[in-house]
Structures are given as C-alpha cells and as structure tokens.
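Enquirer: Let's see this in three dimensions:
(2 chains)
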Amino acid sequence: MIRAVVRKELAVLWASPLPYAVAIVFNAVAGVLFVDQLVGRRQAVVQPLFPIAGFLLVVLVPVLTMRAIADEERSGTLDVLQSIPVQAATLVAGKWIGVVSTAAAVVAPCLLMPLLLSWWGDPDWGPVVTGFLGLALVVAATAAIGLLASACTSAQAVAAIVAMFVGLVLWFAQSTQTASAAGAVARLSISDRLHSFAGGAIDSADAGFFVLITVSALVAATVCVDARRR
Amino acid sequence: MIEARGLARSFGGRAAVRGVDLRVEPGEIVGFVGPNGAGKTTTMRCLLGVLRPDTGSTQVTRPVGYLPEQLAVYEGLSARGHLRYLARMKGVAVHDIDRVAQLTDVADLLGRPISRLSRGQRQRVALAGSLLGPPAALVLDEPTQGLDPAQVVAARDVIRRAARDDRAAVLFSTHLLAEASAICDRVVVLVAGRVVADVERAAFGDLEERFLRLVGEATLA
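Expert: I've put the predicted structure just below:
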C-alpha cells in the first residue's frame, strides 16, 4: 500500500510545476554560489557546495511538501482514504518517500559539480561522498518537518512558511547561541551537523541527530493526521 | 449494513449531531435530507470513521464507498490514475476500474487529466471511485451536485443498481426532496442534529409539506 502512495505522490508532484521550478532555482543558485566560492578560494575543493546546498534545501524542500497532506484535506481525498480505512502511518510514510525521491532528483544535477571539478583539479572524494550523505540526511529531515507542517493545516502556504521557519531556526541555531544556552542550542544546529559531513567525517551522533528529527517529525505528522478524527 | 446508535458529535461546545439513530439494510436506499447545517455530513463522517463521535456507536459493513461533498479527486492524475490509486488503496482488482467507468459513463475520459475535466465529469469520476469493489455500503454526500439533468438521471440509475445488483446499503444526502423521493426506499429527515422523521416510500406523497412542517417545528423548538 505504501508503494501505491509513493507512486501516486510522485505522479501528482511531477504533474505540477513545483519540482521543475525548485530544481531550476536550486541548481542555478547552488551552481553560481559554488563557482563564486571556487574562484575566491582558487582551490579545487568541493566542501563549499554542501552548506550552500544544505541551506537551499532547508528553504526549498517545504515547497515540495506543502501540499502533500494539506491539499488532501482541502480537497476531501483524505476523508475518502480514511473511510477505506488507510492507516495514517502508511500515508505519511508513502508521502515522505515520494517527497524525498523528488528532492533527490532535484539535487542530482549537483553530482556533476564534483565531476566537473575533477577536470581542473584533484578533489578529495571522501568528503564528496560524506557531504552528499549529509545532504541526503538534510533532505530526509526537512521533508519530515515539511510533512508535519502540512499535516497540521489545510493551507498550503501556511504549511510551507511554518516548515521554512522551523528549518531556518534549526539551520541558524549555532549562530544564535548565547553563553548560557550555547551547548544545548548548538546541538540542534543542522548547519553544524552538516559541516562535519562536509569535512569528510561520519559522526554517528550527527547521523543520529538527523534520524531523530526525521523519525520524530514523521511520528508527529502521523499523530496529526489521526487527530483530525477527534 | 449501515447503523448508528445514539450518535452525538459537537464542535467547540456546539452540538452538530444529537443522538442520531439510523439503520440502512443491504439493498436499501435511504435518503438523508435536512436543511443546511442540519448535521448530515457530520453524521456521515462519523459513520465512516473519519470523525470520532462523542457518544454513540456505528457499524458499517466493509468495503465501503464514500463520495464526499467536495470534488474529492486528484487533479494531478488522469481519471484512470485516480481510480487505479483508489483501487489499490481499497485492495480491489485494477480491472474493476473498467466496470465502474462503464457504469458512470466515464470510460472515454479515463486517459484524460482530471484537471481538464468539467465539474460534472469530475463528479462522475469521483462517483466511479466510490463504486470500486463493489462496496457493501455506499455513503454519498450530495452525489448529483454539478451534474446536468441527463447525468442526474444516469447517476440515480447507478445508485439504484448498486443497491439492487450488489445489495449495497446506500445512504445518500441531498437537499432536493424530489431527488430523494425519486429513488429512495425511505427518507430520514435531520434537523438541528436530530432525526425528526423517518418516512417510508408509501408516505412520500406529502413529503415536501411534511419536511417544511418538521423544519419549521424544529426551528421554533
């Protein structure tokens, strides 16, 4: 049943202009800023790509998730599915896989950047692999947060704004830390966690952080969908 | 079978449904009529498990087909894609799509994107989705809205066939008394969240007069 939800989600998403617009914006902005970084550094390093791509994902993934559940509620199709009845967890999991797959396709052209870089220099491939793994975890977490926002409202725009806000708070957490709360806040920072992946390290605590955010948001989204019956 | 016993549901302290008792037998068509805001949709959503009732119990034989009041279709899919998705979610064989498409006269529309269909065509696609299975119980919320007169007649025939051929228990809401009296075996009148009348077909002759009197009395009360 999850497979049916994934296929439907992909069909509906790619029938809309959203993934194409997001892909164009993401790759154009990431490409320009990455080249700008390379020119400034005069080094064939891929590391600057990851914070740029990570930030863009925090902003753009909510555009892909905003309609996922909100639109089903607005149109009444969620009622039809719940009357069958389809489990909320099945719906949320299927939609999450659909959005993550779509976001992966959006990010895919970025894989060309390290390949192009290898023509002019000799980049270290370890950080390339771990950096993209870090981006995959950012996509997973932001997609889950986006689905949670979409499950909490039937207004797509509100879902997108809330998900972007939460993502940006998590992104900038390290730069807003105060002396007293420094440790706790820094632990919530997506950018800090991504930084270690971009540096070539796979820290289980960083990976666990993204997994924890993803699972927590998906469970909360499932609870929200179920709570509609109350 | 569709059954509700002492069904009650409120929103923010305002009672929408107050102790509704209702029973629809297999093969029976029951019209659910009442003024706007009477609680018809809330009752239906409680019956289907989409809303949890505050008190009371419900029993609906599965599989169930549901047509909500809104046009509940996936605009990003083709008509066939929409029906295929619902069939998979219901665990129904995909070839049943052709049966319901023939029944609702949307066979020629299956390949077209739903976003390019007219409102009436979308309503027929949504009706086709509710008939997949076929269902043992059919809950239809204003099923003929947006249809032209010929399509209304065809939709009534589809509903009759679901009850007669598939022995589905059919509950459908409408605000058109003429429509209710045209195809129903029984009409249940809901006013202000309460069932105020349960009228058998034999007494349909003065349905409009009775309805207006009941609504007036309930409003005054």
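
Enquirer: Can you tell me which residues in chain B are near chain A?
Expert: Residues of chain B lying near chain A by C-beta under 8 Å from any C-beta of the partner chain: B:45, B:48-52, B:63-64, B:66, B:68-77, B:81, B:85-86, B:88-90, B:113, B:129-130, B:139. For glycine as for every other residue, the C-beta is placed from the backbone atoms N, C-alpha and C.

Enquirer: So which of those residues are in strands?
Expert: Among the residues of chain B next to chain A, the members falling in strands (DSSP state E) are B:64, B:66, B:139.

Enquirer: need the helix or strand of chain A with the lowest average pLDDT.
Expert: One helix or strand of chain A scores below all others by mean pLDDT, DSSP states H and E: helix A:182-187, with a mean of 64.

Enquirer: tell me what the helix or strand following that one is packed against?
Expert: Per DSSP states H and E, the first helix or strand lying C-terminal to helix A:182-187 is helix A:190-198. Judged by 3 or more C-beta pairs under 8 Å, 6 or more residues apart in numbering or on different chains; DSSP states H and E, helix A:190-198 is in contact with helix A:49-65, helix A:125-152, helix A:156-171, helix A:204-227.

Enquirer: what residues does helix A:190-198 touch?
Expert: A:47, A:50-51, A:54-55, A:58, A:127, A:130-131, A:133-135, A:137-138, A:141, A:167, A:170-174, A:186, A:203, A:206, A:209-210 (C-beta atoms under 8 Å, 6 or more residues apart in numbering or on different chains).

Enquirer: rerun that using 7 Å as the cut-off
Expert: The contact list for helix A:190-198 (C-beta atoms under 7 Å, 6 or more residues apart in numbering or on different chains) reads A:47, A:50-51, A:54, A:58, A:127, A:130-131, A:133-134, A:138, A:170-171, A:174, A:186, A:203, A:206, A:209-210.

Enquirer: Need the CA coordinates for that helix. PDB is fine.
Expert: Taking C-alpha atoms only, helix A:190-198 is exported to PDB below (Å, rounded to 0.1, in the frame of the first residue of the first chain):
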ATOM      1  CA  ILE A 190      21.500  21.400  11.100                       C
ATOM      2  CA  SER A 191      24.400  23.500   9.600                       C
ATOM      3  CA  ASP A 192      26.900  22.400  12.300                       C
ATOM      4  CA  ARG A 193      25.900  18.700  11.800                       C
ATOM      5  CA  LEU A 194      26.200  19.100   8.000                       C
ATOM      6  CA  HIS A 195      29.600  20.800   8.400                       C
ATOM      7  CA  SER A 196      31.100  17.700   9.900                       C
ATOM      8  CA  PHE A 197      29.800  15.600   7.000                       C
ATOM      9  CA  ALA A 198      31.200  18.100   4.500                       C
END
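
Enquirer: Next, the angle from that helix to helix A:204-227.
Expert: 130 degrees (axes from the mean of the first three to the mean of the last three C-alpha atoms, to 10 degrees).

Enquirer: how much does helix A:190-198 deviate in direction from helix A:49-65?
Expert: Using the same axes, to 10 degrees: helix A:190-198 against helix A:49-65 is 130 degrees.

Enquirer: gap between helix A:190-198 and the chain center?
Expert: 14 Å (C-alpha atoms, centre = their mean, to the nearest Å).

Enquirer: go on, stretch A:216-228?
Expert: Centre to centre, stretch against its chain (C-alpha atoms, centre = their mean), the figure for stretch A:216-228 is 18 Å.

Enquirer: Stretch A:77-93 too?
Expert: 23 Å.

Enquirer: Would you mind pulling the contact partners of it?
Expert: The contact list for stretch A:77-93 (C-beta under 7 Å, 6+ apart) reads A:1-2, A:5, A:72, A:147, A:218, A:221-222, A:225-226, B:45, B:48-50, B:64, B:66, B:68, B:72, B:74, B:89-90.

Enquirer: got the contact list for A:M1?
Expert: A:86, A:90, B:89.

Enquirer: cutoff 6 Å now
Expert: A:T90 (C-beta atoms under 6 Å, 6 or more residues apart in numbering or on different chains).

Enquirer: Quick one, grab the pLDDT at it.
Expert: On the pLDDT scale, A:M1 is placed at 87.

Enquirer: Likewise for the one 5 residues further on?
Expert: For A:V6, the pLDDT comes out at 96.

Enquirer: And it, how close does it get to A:V219?
Expert: 19 Å (C-beta to C-beta, to the nearest Å).

Enquirer: More neighbours: those two, which one.
Expert: Neighbours were counted for A:V6 and for A:V219 using other C-beta atoms under 10 Å in any protein chain shown; A:V6 has more, 19 against 14.

Enquirer: shaky segments in chain A?
Expert: A:175-186 (pLDDT under 70).

Enquirer: How about the residue nearest the centre of it, nearest residue that isn't a chain neighbour?
Expert: When C-alpha atoms, centre = their mean is applied to chain A, the residue found nearest the centroid is A:V139 (2.6 Å). The shortest distance from A:V139 to any non-neighbouring residue, by C-beta to C-beta, 6 or more residues apart in numbering or on different chains, is to A:A103 (4.6 Å).

Enquirer: does the one you found really touch A:A140, like I thought?
Expert: No: using C-beta atoms under 6 Å, A:A103 makes no contact with A:A140, being 8.9 Å away.

Enquirer: of those two, who's got more company?
Expert: In terms of neighbours (other C-beta under 10 Å), A:A103 is the more surrounded of A:A103 and A:A140; the figures are 27 against 23.

Enquirer: Okay, and that one sits in which element?
Expert: helix A:88-107.

Enquirer: For that helix, what is the distance to the chain centroid?
Expert: 10 Å.

Enquirer: Quick check: buried residues in the helix or strand following that helix?
Expert: Using DSSP H and E, the helix or strand that follows helix A:88-107 towards the C-terminus is helix A:112-120. For helix A:112-120, burial by neighbour count (16 or more other C-beta atoms under 10 Å in any protein chain shown) applies to A:113-114, A:117.

Enquirer: Quick check: residues of chain A near chain B?
Expert: Contact residues, chain A versus chain B (C-beta under 6 Å from any C-beta of the partner chain): A:4, A:8, A:11-12, A:15-16, A:75-77, A:79-80, A:82-86, A:229-230.

Enquirer: just the buried members of those?
Expert: Among these, those that count as buried by neighbour count (16+ other C-beta under 10 Å) are A:4, A:8, A:11-12, A:15, A:75-77, A:79-80, A:82-84, A:86.
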